[in-house]
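okay, sequence plus prediction incoming.
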There are 2 protein chains.
Amino acid sequence: MLSKKTKYGLKALTYIARSKSDLPVPVGEIAESENIPQKFLESILLTLRKSGVLGSKKGKHGGYYLRKEPSEIKMTDVMRVLEGPIAMVPCVSLNFYEKCDDCPDENLCSVHKLMIQVRDNTLQVFRNTTLADLSS
Amino acid sequence: MLSKKTKYGLKALTYIARSKSDLPVPVGEIAESENIPQKFLESILLTLRKSGVLGSKKGKHGGYYLRKEPSEIKMTDVMRVLEGPIAMVPCVSLNFYEKCDDCPDENLCSVHKLMIQVRDNTLQVFRNTTLADLSS
DNA sequence: TATTAATCCTATAGATTTAATAGGAAATAC
DNA sequence: GTATTTCCTATTAAATCTATAGGATTAATA
């Protein structure tokens, strides 16, 4: 299941990408428009800023803005920040690899084989999709 | 993330598919061989039996067996029983559809569009993979 | 300079889900 | 009738997710 954090984050990014204004977009505006609890959204946008996807400006007329063109923001990056590993098991994760406790040899593991296929397919979607695709 | 339930379930099914013996396979044997807590595995195999994937025999020399040939057991079916919906959000689920609380119109929702793609790719993997593939 | 509006930060509560355990009832082989 | 195994229900323990609270900091502007 996609977490609400990720869902809200993607919706917020889309909202910002669609924004016509030159000014940064304040959290309150997004929260209201997209039906997202404001405080929760604050924390989400904060992590997106810390990861480099978003920039921010404090104070009056402040808010969040994209650091790159929407077409340059890949879903792989966004998903890894919001949702964590793209793989369904750590033992097939490219960026968050971890060995399984059980499983003496993962080359013989049937789950491993299957999940590599799922990972590759999902990865292909996220690599070929940018924020520009979402917001169009 | 794949739940342990699903992971254990897949490993157990693979173990049973690989079994040479004519007798049903007892839970204890699988649990020991695959490093799975036995009581937990019991409950997992029980749900697989109730869903029709496995058959069982009680008492001495009892255990679990496959109801169909491994090549006839699709991952779509197994995954839906063990892990639930294949889609990452209920609003793009074929078998467990649910509308989102937020989201006035899901055709305009950027998350919706993206998750349909992920679903279709994952579905393709699961539709084209059977237990025979896992256990070979 | 005071006011207002915004991000930033930390902590924590509440809710849900997952993982695992416990204890025995029912069935079957021998 | 004893040993073995599935079957069933309940419960605990742990982890994670969702959301809220309360204020500190920063910046624009009147």
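That came through, no problem. Numbers count the residues shown, from 1 in each chain, chains lettered A, B, ... in the order given.

list the contacts of the spatially closest residue to A:I73 that is not a sequence neighbour.
Distances taken as Cβ to Cβ, 6 or more residues apart in numbering or on different chains place A:L131 nearest to A:I73, at 4.1 Å, with adjacent residues excluded. Heads up, the C-betas are built off the backbone N, CA and C, glycines and all. Neighbour list for A:L131: A:L13, A:T14, A:A17, A:L66, A:P70, A:S71, A:I73, A:M75, A:V78 [criterion: Cβ atoms under 8 Å, 6 or more residues apart in numbering or on different chains].

can you lay out the residues you listed as CSV showing distance to DNA strand C, secondary structure and neighbour count?
Output for the contacts of A:L131, formatted as CSV (distance: Cβ to the nearest atom of the strand, whole Å; DSSP: H, G, I helix; E, B strand; the rest coil; neighbours: other Cβ atoms under 10 Å in any protein chain shown):
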residue, distance to DNA strand C, secondary structure, neighbour count
A:L13, 14, helix, 26
A:T14, 16, helix, 23
A:A17, 16, helix, 20
A:L66, 14, strand, 19
A:P70, 19, helix, 18
A:S71, 24, helix, 13
A:I73, 17, coil, 23
A:M75, 22, helix, 23
A:V78, 17, helix, 23
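
and those residues, which is closest to A:E42?
A:L13 (14.6 Å; Cβ to Cβ).

in contact with the closest one, which residues?
Counted by Cβ under 8 Å, 6+ apart, A:L13 has contacts A:L48, A:V53, A:L54, A:L66, A:I73, A:V78, A:L131, A:L134.

over to A:M75?
A:V125, A:F126, A:R127, A:T129, A:T130, A:L131, A:L134, B:L114.

from those, which is closest to A:T6?
B:L114 (10.4 Å).

residues near the closest one, how many?
Neighbourhood size, B:L114 [other Cβ atoms under 10 Å in any protein chain shown]: 24.

is any residue of the strand or helix carrying it near DNA strand D?
Assessed by DSSP states H and E, B:L114 sits inside helix B:110-127. No: judged by Cβ under 7 Å from any atom of the strand, helix B:110-127 stays clear of DNA strand D, getting no closer than 12.8 Å.

which strands and helices sit next to that helix?
Applying 3 or more Cβ pairs under 8 Å, 6 or more residues apart in numbering or on different chains; DSSP states H and E, we find helix B:110-127 packed against helix A:4-18, helix A:110-127, helix A:131-135, helix B:75-82.
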